[in-house]
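Asker: Coordinates only, no sequence provided:
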């Protein structure tokens, strides 16, 4: 099935389906810009400290340059799940099966970054992301990794403040679910919009309509 | 069962799972160990609840909440943890040489692609003093001749690096040489073409320079300088090349797997080779900076040490960890 959402679903060994929201090129590019800024700031500070220390400092600086160039993303991905730039954009890197990324995969995707960067500013990487349904750059393809949104754990605890009302007609499961979703989300929508939506399915108008529909939802959710 | 009843009945389970997950997010020392053992059981029950909530078409909010809890549990349960120091030792002792021997064909092909042009270009430059100009421009040739001129008090250092100390050069070799190793591997992603070109190119340049300097009679400085680190450095470049060729093969001839699957498997093997090669290059950088540049050591000693290193490396790559790893 072709869908608009960029949700990648996979089945866990326990037999349930989990979904991951795959991140597209724009947040990833922004994360890259942030990381580059961080890297260059650190390197700049290091150069101020190390380079005046004559040749010992130059050697140490070149080693740091090497580490920052190749291992900065690896270190953060393996220990924290994502580089600071990605964290700031709310992204993390995981294996295709949703498990946290380990050393081998992180090394692969970051060593292959040079090729994604080829020929100019992520040319091949972008091309690969655009023709791939999961926005994988070449490094992600070889490493079997995904860059996904690290969603804050959602909590649903919504108490429906309305008197339960029996449904006047039987509803299909999808329709029942729509009513429950309406009740859950009504506190986050503008009051006018809530009334407008409620009026679609009842004869009543305004606040009374909302109370009626919430009543149906309460009936569905917990019974009398 | 109505959604609300379900929530009321199962809420305690979800809460204890949440507490457990919070516990696991703490640093290991401050964890309560007894509670941790309940993780798999709680997680399985949570999965069942999530499946039920979906199957019974409970509200999106509830399903999402359970989804996120399951996801959290999935990440905690399937996190791979190990003693990295132990794995490092095991990798060096058997993992790396075993992986290399499993892919000996790729290694020999890379070796041929590197040494073949090196030998041809070396001979050409040895017999024709001007042939070097077909690959390098006059400035590069002059700089290289300066580096290995017997009159240069610091062999192997170009004019602008004459003041560099051994440690400074150590940093430079790490940054430059290991970077070359990594790039040689990564360009395998261009269907192997990048790796092949880099191997050929490096072979041509290194062979050409060696032939040209020998022809000039700079053997005493050049060969004594490169002898020390040659074993580690040249072999590591060939190994990085082999890793790149593995990627290329997976793309061009994936065999009985899909291209994506073949690529993932090849990359996992290749990355071991690259990391092994990087460690060899680190060793080479150390030798090159602190031993090769030492002009006070007699050439005979340098050649002997070089021979010992070649022998040790061949024995290590050929024999270490044999029979330890069938996988």
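Answerer: Here it is on my side, so go on. No experiment lies behind these values; they were computed from the predicted model shown.

Asker: Show me the strands in chain A, by range?
Answerer: Using DSSP state E, the strands assigned to chain A run over residues A:7-11, A:17-21, A:91-95, A:145-149.

Asker: Kindly state the domain boundaries assigned to the chain.
Answerer: Because you didn't say which chain, this covers chain A. With domains defined by automatic domain parsing, chain A comprises A:7-149, A:173-222.

Asker: Hmm, no, I was thinking of chain B.
Answerer: According to the domain assignment given by automatic domain parsing, chain B is divided into the following structural domains: B:3-77, B:85-319.

Asker: quick one, which of these is packed in tightest?
Answerer: Mean neighbours per residue, mean count of other C-beta atoms under 10 Å in any protein chain shown, is largest over these for domain B:85-319, with a mean of 19. All C-beta atoms are positioned from the backbone trio N, CA, C, and that covers glycine.

Asker: related to what we said a few turns ago, where among the domains of chain A is average confidence lowest?
Answerer: The minimum mean pLDDT among the domains of chain A belongs to domain A:173-222 (a mean of 85).

Asker: I'd like the distance from that domain to the chain centre, please.
Answerer: Counting by C-alpha atoms, centre = their mean, to the nearest Å, domain A:173-222 is centred 29 Å from the centre of its parent chain.

Asker: rewinding a little: with distance to residue A:176 and mean neighbour count as new columns, can the strands of chain A be given to me in JSON lines?
Answerer: Formatted as JSON lines, the strands of chain A follow (distance: least, C-beta to C-beta, whole Å; neighbours: other C-beta atoms under 10 Å in any protein chain shown):
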{"stretch": "strand A:7-11", "distance to residue A:176": "23", "mean neighbour count": "13"}
{"stretch": "strand A:17-21", "distance to residue A:176": "21", "mean neighbour count": "17"}
{"stretch": "strand A:91-95", "distance to residue A:176": "34", "mean neighbour count": "22"}
{"stretch": "strand A:145-149", "distance to residue A:176": "29", "mean neighbour count": "22"}
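
Asker: out of those, nearest to residue A:47?
Answerer: Checking the strands of chain A against residue A:47 by C-beta to C-beta gives strand A:91-95 as the closest, at 29.0 Å.

Asker: Packing partners of the closest one?
Answerer: For strand A:91-95, the packing partners by 3 or more C-beta pairs under 8 Å, 6 or more residues apart in numbering or on different chains; DSSP states H and E come out as helix A:25-50, helix A:103-111, strand A:145-149.

Asker: let's see 7 Å
Answerer: If you count contacts as 3 or more C-beta pairs under 7 Å, 6 or more residues apart in numbering or on different chains; DSSP states H and E, strand A:91-95 packs onto helix A:25-50, strand A:145-149.

Asker: Columns distance to residue A:81 and mean pLDDT on top of the domains of chain B, output as JSON lines?
Answerer: Supplementary listing: the domains of chain B in JSON lines, determined by distance: least, C-beta to C-beta, whole Å; pLDDT from 0 to 100:
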{"stretch": "domain B:3-77", "distance to residue A:81": "9", "mean pLDDT": "85"}
{"stretch": "domain B:85-319", "distance to residue A:81": "20", "mean pLDDT": "89"}
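
Asker: Looking at the ones you listed, which is nearest to residue A:16?
Answerer: Among the domains of chain B, domain B:3-77 comes nearest to residue A:16, with 4.8 Å by C-beta to C-beta.

Asker: Just checking the closest one against chain A, any contact.
Answerer: Yes - using C-beta under 7 Å from any C-beta of the partner chain, domain B:3-77 comes into contact with chain A via B:3-5, B:44, B:47, B:50-51, B:57, B:59-62, B:64-65, B:67-72, B:74-75.

Asker: how about the helices in chain A?
Answerer: When assigned using DSSP state H, the helices of chain A occupy the ranges A:25-50, A:54-70, A:72-80, A:84-88, A:103-111, A:113-117, A:123-130, A:138-143, A:173-185, A:191-199, A:207-222.

Asker: What separation do you get for residue B:183 and chain A?
Answerer: When C-beta to the nearest C-beta, to the nearest Å is the yardstick, residue B:183 and chain A sit 6 Å from each other.

Asker: go on, residue B:250?
Answerer: Distance check for residue B:250 against chain A: by C-beta to the nearest C-beta, it reads 8 Å.

Asker: That residue touches residue B:269, doesn't it?
Answerer: No - counting by C-beta atoms under 7 Å, residue B:250 sits too far from residue B:269 to count as a contact (9.6 Å).

Asker: quick one, longest helix in chain B?
Answerer: Among the segments of chain B that qualify as a helix by DSSP H, the longest is helix B:219-252.

Asker: what angle do it and helix A:103-111 make?
Answerer: In this structure, helix B:219-252 runs at an angle of 100 degrees to helix A:103-111, with axes from the mean of the first three to the mean of the last three C-alpha atoms, to 10 degrees as the basis.

Asker: which element follows helix B:219-252 toward the C-terminus?
Answerer: Taking DSSP states H and E as the definition, the helix or strand that follows helix B:219-252 towards the C-terminus is helix B:259-287.

Asker: Which strands and helices lie in contact with the helix or strand following that following helix?
Answerer: Using DSSP H and E, the next helix or strand after helix B:259-287 towards the C-terminus is helix B:299-319. Helices and strands touching helix B:299-319, by 3+ C-beta pairs under 7 Å, 6+ apart, are helix B:96-102, helix B:219-252.

Asker: Figure out which of those is closest to residue A:96.
Answerer: Once C-beta to C-beta is applied to the helices and strands packed on helix B:299-319, the stretch that comes out nearest is helix B:219-252, at 16.5 Å.

Asker: okay, now residue A:29: neighbour count?
Answerer: The burial count assigned to residue A:29 is 16, neighbours taken as other C-beta atoms under 10 Å in any protein chain shown.

Asker: roughly how far apart are the closest residue to it other than its chain neighbours and chain B?
Answerer: Counting by C-beta to C-beta, 6 or more residues apart in numbering or on different chains, the nearest residue to residue A:29 once its immediate chain neighbours are dropped is residue A:122, at 7.5 Å. Applying C-beta to the nearest C-beta, one obtains 14 Å for the distance of residue A:122 from chain B.

Asker: swap in residue A:213?
Answerer: In terms of C-beta to the nearest C-beta, residue A:213 sits 14 Å off from chain B.

Asker: ok, now which ones touch residue 186?
Answerer: Here I'm looking at chain A. Listed by C-beta atoms under 7 Å, 6 or more residues apart in numbering or on different chains, the contact set of residue A:186 reads A:194, A:214.

Asker: Sorry, I should have been clearer: chain B.
Answerer: Residue B:186 sits in contact with A:111, A:112, A:114, A:115, where contact means C-beta under 7 Å, 6+ apart.

Asker: please redo it, this time with the cut-off set to 8 Å
Answerer: When the contact criterion is C-beta atoms under 8 Å, 6 or more residues apart in numbering or on different chains, the partners of residue B:186 are A:111, A:112, A:113, A:114, A:115, B:194, B:244.

Asker: Please verify my assumption that the second one contacts residue A:136.
Answerer: No - Residue A:112 is not in contact with residue A:136 according to C-beta atoms under 8 Å; the separation is 11.1 Å.

Asker: Tell me how many other residues crowd residue A:178.
Answerer: The number of residues packed near residue A:178 is 16, by other C-beta under 10 Å.

Asker: and the gap between it and residue A:170?
Answerer: 14 Å (C-beta to C-beta, to the nearest Å).

Asker: now the angle between helix B:299-319 and the longest helix of chain B, please.
Answerer: Counting by the same axes, to 10 degrees, helix B:219-252 points 20 degrees away from the direction of helix B:299-319.

Asker: so how far is helix B:219-252 from its chain's centroid?
Answerer: Its chain's average C-alpha position is 13 Å from that of helix B:219-252, according to C-alpha atoms, centre = their mean.

Asker: and the angle for that helix with helix B:259-287?
Answerer: Taking the same axes, to 10 degrees, one finds helix B:219-252 and helix B:259-287 inclined to each other by 170 degrees.

Asker: So which other helices or strands are in contact with helix B:219-252?
Answerer: Packed against helix B:219-252 by the contact rule (3+ C-beta pairs under 8 Å, 6+ apart) you find helix B:104-127, helix B:138-148, helix B:179-186, helix B:193-216, helix B:259-287, helix B:299-319.
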